[in-house]
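Provided below for reference: sequence and predicted model.
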Amino acid sequence: MKRRALLLAALPLSAQAAGYAGPLFDAHLHYNDDAQAPHPPADVLARMARAGVRGALVNSRPNDGTLRLVAEPGAQWVPFIRLYRNRADYTGWFADDSIRRMVLELLAKGSPAGPFRGLGEFHLYDSANADGPTAIALMKLARERGLTVLAHVDDVAVDKLLGHAPGTSLIWAHTGISGEPVQRVRELFAKHAGLRGELSYRPGLTFDGSIAPEWRALFTAHANRFLIGSDTWVTPRWQHYEGLFAEYRSWLGQLPNEVAQRIAWGNAAAMFNLPGPI
Ligand SMILES: [Zn+2]
């Protein structure tokens, strides 16, 4: 592994820039109501195809966007239930039992791409709200039903949420929301086997286009714990969809190939039992 890393580091920049060429899975795709007119499903699929993204974890505010997108053939869809019917739900969902009832209804109905596989993305702007009654109930529900949660929270809230339902599969959106140190990520990985990190907006990953040494070491040590995503949280982000994945390809190409393959596709495929890329 070490020798390979040295060889890669010795490659001229032009070779590194070519990047990782294999299939990608977008583990953080939003298809919100305001994106649907400018970017109908055919446009989304075309952007994904140009970026080499063959599958995606899809969620939307409200959930009808997910139901619409995953009805389209052309990618391997992993539908998630978003906890928000509207923007007001962002700040109150963790203590609102009507959100839990909405989740139960959607789980019973399923999606055109099969059962919902998870809950989120949800946000907690104050980690104390990880102890809210609906947050606790939904973590326990996720564990019971074998669902994954996608959580935009800080390190304290990760610990609290997984404390309510130990062993639950949790994707930590952005691998932190305030640039939590790599050492803290390591500690949480060691404590919670079901924890994985998604890497959109994560600061400090690269410097001048080269992968940062502490991140290279973390990815190599925990290759099975990371996923990449677009986070199309506002409509203009769709304009940058291909560029975002070109950036991922650039630094994935600087990692040992088996590590890059896992982060790019393999970890999502294992979590959600996906067949090989179509
Ligand atoms: Zn997001």
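Structure received. Because the structure is predicted, anything quoted here is derived from the model rather than measured. Numbering: from 1, shown residues only.

quick check: phi and psi on residue 207?
Phi and psi for residue 207, reported as degrees, to the nearest 10, are phi -140, psi 120.

and it, how many neighbours?
10 (other C-beta atoms under 10 Å). (C-beta placed from N, C-alpha, C; glycine too.)

also residue 242?
Neighbours around residue 242, by other C-beta under 10 Å: 18.

distance check, residue 208 against residue 170.
Going from residue 208 to residue 170 by C-beta to C-beta, to the nearest Å gives 32 Å.

close to the ion: what parts of the chain are there?
Taking C-beta under 5 Å from the ion, the part of the chain that reaches the ion is made up of 121, 231, 233.

thought the first one was touching residue 81?
In other words, residue 121. No. Shown here, residue 121 and residue 81 do not form a contact pair, counting by C-beta atoms under 8 Å, at 10.4 Å.

who touches both of the two?
Here residue 121 and residue 81 have residue 59 as joint contacts, going by C-beta atoms under 8 Å, 6 or more residues apart in numbering.

now do the strands in this protein.
When assigned using DSSP state E, the strands of the chain occupy the ranges 24-30, 53-59, 76-81, 118-123, 148-152, 169-172, 195-198, 206-207, 210-211, 226-227.

got TSV for those strands, with mean pLDDT too?
As requested, the strands of the chain are exported to TSV (pLDDT from 0 to 100):
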stretch	mean pLDDT
strand 24-30	98
strand 53-59	98
strand 76-81	98
strand 118-123	97
strand 148-152	98
strand 169-172	98
strand 195-198	98
strand 206-207	92
strand 210-211	95
strand 226-227	98
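
list the contacts of residue 66.
Residues in contact with residue 66, defined by C-beta under 8 Å, 6+ apart, are 31, 58, 59, 60, 79, 80, 81, 82, 111.

gap between it and residue 124?
Separation of residue 66 from residue 124 (C-beta to C-beta): 21 Å.

and what of residue 158?
Note on residue 158: its distance to residue 124, by C-beta to C-beta, is 10 Å.

who touches both of the two?
With C-beta under 8 Å, 6+ apart, residue 158 and residue 124 have common neighbours residue 151.

what about the closest residue to residue 87 other than its chain neighbours, neighbour count?
Excluding its sequence neighbours, the residue lying closest to residue 87 (C-beta to C-beta, 6 or more residues apart in numbering) is residue 61, at 7.6 Å. Residue 61: 22 surrounding residues under other C-beta under 10 Å.

same question for residue 119.
Per other C-beta under 10 Å, the neighbour tally for residue 119 reads 26.

that one: what's it in contact with?
Contacts of residue 119 by C-beta under 8 Å, 6+ apart are 80, 81, 83, 103, 138, 141, 142, 147, 148, 149, 150.

quick one: the fifth one and residue 103 touch, right?
Yes. Taking C-beta under 8 Å as the contact criterion, residue 138 and residue 103 are neighbours in contact, 6.6 Å apart.

overlap in contacts, these two.
Shared contacts of residue 138 and residue 103 (C-beta under 8 Å, 6+ apart): 83, 119.

who has more neighbours, these two?
It is residue 138, of residue 138 and residue 103, that has more neighbours when counted by other C-beta under 10 Å, with 27 against 24.

and that one, how far is that from the ion?
Between residue 138 and the ion the computed distance is 17 Å (C-beta to the ion, to the nearest Å).

for residue 73, same thing?
Using C-beta to the ion, residue 73 is found at 25 Å from the ion.

phi, psi of that residue?
Here is the backbone geometry of residue 73 (degrees, to the nearest 10): phi -80, psi 160.

run a quick neighbour tally on it.
Every residue meeting other C-beta under 10 Å relative to residue 73 is counted, giving 10.

how much space separates it from residue 113?
10 Å.

what do you get for residue 38?
23 Å.
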